[in-house]
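# Test case, fold it:
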Amino acid sequence: MRRFPVTLGLVALALAACSPQTLTMSVDMRHPSKSGIDLSRKTISIVYMDDGAADTTFSNNVASALARSLEEDYFAGREAIGVYKVPVDSVSLDLMHRLVIDSGDDVIFLFGPPSFGEVALSENVAVKNPVSVDSAFVAQAQIPYNAKLFVYDSMDQLDQMKIFRGGSILRAQLYNNGVTAPEYLKEQALKAKELGADLVGQQLSNRFTPTWKTERYTLYYYDGWDEDWVNAAYLATQYEWRKAADIWMKKVNDGNDTKRACACYNTALAFFMMGDLNLATKWLDRADGYSNLEFSPELRKRINARK
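Residues are numbered from 1 along each chain as shown. Have a look, this model is predicted:
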């Protein structure tokens with residue numbers, strides 16, 4: 001959730017003590033990524049395969065870069081995603097189940113062994129100010145690759161593994177003396193491919209970064225002699241949902257059924273904003289038991305959609 005201007009400022013609150021007033025806020029809300037996978041509030045492990053047939057340095061670097069990128073989006077840059085190697089040469093749903101159990105995490109990213117195509121070399125170009133004879137020329141190398149990324153979300157009721165396929169071109173600059181054999185330069189290019197692993201990991205993360213949508217949410221308040229309602233509404237505009245909820249929960253047993261319903265509804269909204277959908281549902285059920293509030297059905301729809 002991102003901070004966003006409040007549509008109706010508290011300075012504009014109407015003076016009416018008997019019936020509830022409403023305050024509408026525009027909030028940028030996080031939604032699932034382009035992949036359709038919602039990683040919010042979930043723990044993650046990234047695993048790369050070791051089939052015993054190739055060097056895994058590139059895979060390790062890609063997995064580490066992917067972890068760093070996802071940590072930026074979902075964990076505020078905090079190191080929270082483990083990177084592991086697994087000695088297997090095939091992928092199955094049973095394997096994903098075992099990785100969930102072994103890691104204790106909700107979501108598993110499994111990076112399969114990449115395959116690299118034929119290295120393409122450009123013509124040598126003379127360097128204007130070479131530092132040595134061995135770096136008097138430079139050739140551009142292009143290394144095509146393809147890879148698979150398997151993703152399993154243990155929180156998904158469908159219990160399915162998703163497969164993402166992709167590829168690109170890794171590029172490297174090869175300095176040489178101008179007479180170096182092309183085959184030797186191609187070997188050096190394959191060794192230099194690790195330098196593009198960070199970019200590959202960042203590109204992979206783009207499919208899984210959250211999308212943001214501006215949404216309008218409404219809460220209820222009473223003014224007059226009871227300042228708690230206005231104070232809680234102000235805290236909500238500052239995105240202090242926990243503090244606001246503490247006030248609303250104290251108001252649940254005050255006043256008539258409409259006031260109690262408003263307090264329960266606001267508490268449900270607060271828990272929804274804090275990501276606790278189960279408590280949000282329970283408080284909204286309680287609100288509906290007291291009174292049929294206008295904005296309750298829309299909040300319930302949003303809670304269910306997140307579930």
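# contacting residues around stretch 291-300?
22, 217-218, 220, 257-258, 260-262, 265, 268-269, 272, 280-281, 284, 287-288 (C-beta atoms under 8 Å, 6 or more residues apart in numbering). To be clear about C-beta, it is placed using only N, CA and C from the backbone, and glycine gets the same treatment.
# I'd like to know which of those residues are buried.
22, 217-218, 220, 258, 260-262, 265, 268-269, 272, 280-281, 284, 287-288 (16 or more other C-beta atoms under 10 Å).
# Show me the residues you listed that map onto helices.
258, 260-262, 265, 268-269, 272, 280-281, 284, 287-288 (DSSP state H).
# Which one of those is nearest to residue 109?
Looking at those and their distance to residue 109, the nearest is residue 272, at 27.8 Å (C-beta to C-beta).
# where's that closest one relative to residue 279, distance?
Here the criterion is C-beta to C-beta, to the nearest Å. By it, residue 272 lies 9 Å from residue 279.
# domains of the chain?
10-30+215-306, 44-205 (automatic domain parsing).
# Out of those domains, which gets nearest to residue 36?
domain 44-205 (8.1 Å).
# follow-up on the earlier one: as TSV, the domains of the chain with distance to residue 38 and mean pLDDT would be great.
What follows is those, written out as TSV (distance: least, C-beta to C-beta, whole Å; pLDDT from 0 to 100):
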stretch	distance to residue 38	mean pLDDT
domain 10-30+215-306	8	89
domain 44-205	8	93
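# Show me the one of those that comes nearest residue 37.
domain 44-205 (5.9 Å).
# starting at the chain centroid, how far to the closest one?
20 Å (C-alpha atoms, centre = their mean, to the nearest Å).
# Repeat that for stretch 215-228.
32 Å.
# Could you list the residues in contact with it?
Under C-beta under 8 Å, 6+ apart, the answer for stretch 215-228 is 7, 13-17, 20-29, 229-230, 232-233, 236, 247, 250-251, 259, 262, 265-266, 269, 273, 293, 295, 299, 302.
# Narrow those residues to those in helices?
Going by DSSP H, the helices hold 229-230, 232-233, 236, 247, 250, 259, 262, 265-266, 269, 273, 299, 302 from those.
# hang on, the earlier thing: could you point out which of the ones in helices among the buried ones among the contacts of stretch 291-300 is nearest to residue 130?
Looking across those and measuring by C-beta to C-beta, the closest to residue 130 is residue 272, at 63.1 Å.
# Spit out the contact partners of that closest one.
With C-beta under 8 Å, 6+ apart, residue 272 has these contacts: 280, 299, 302, 303, 306.
# and the fourth one, how many neighbours does it have?
Residue 303: 18 surrounding residues under other C-beta atoms under 10 Å.
# List only buried entries from the contacts of stretch 215-228.
13, 20-23, 25, 27, 29, 229-230, 232-233, 236, 247, 251, 259, 262, 265-266, 269, 273, 293, 299, 302.
# can you give me the strands in this structure?
Ranges of strands in the chain, per DSSP state E, are 21-31, 44-49, 82-86, 107-111, 115-116, 120-121, 125-126, 137-153, 161-176, 211-221.
# most packed of these?
strand 107-111 (a mean of 25; mean count of other C-beta atoms under 10 Å).
# who does that strand touch, helix- and strand-wise?
Where contact means 3 or more C-beta pairs under 8 Å, 6 or more residues apart in numbering; DSSP states H and E, strand 107-111 is packed against strand 44-49, helix 57-74, helix 93-103, strand 137-153.
# nearest to residue 195, of the ones you listed?
helix 57-74 (8.9 Å).
# Not counting that closest one itself, show me its contacts.
39-40, 44, 46-50, 77-83, 85, 109, 111, 113-114, 147, 193-194, 197-202, 204-205, 208-210.
# now do 6 Å
39, 46, 48, 77, 80-81, 83, 111, 193-194, 197-198, 200-202, 204-205, 209 (C-beta atoms under 6 Å, 6 or more residues apart in numbering).
# cool, stretch 189-198 as well?
Contacts for stretch 189-198 (C-beta under 6 Å, 6+ apart): 57, 58, 61, 62, 65, 119, 141, 143, 170, 172.
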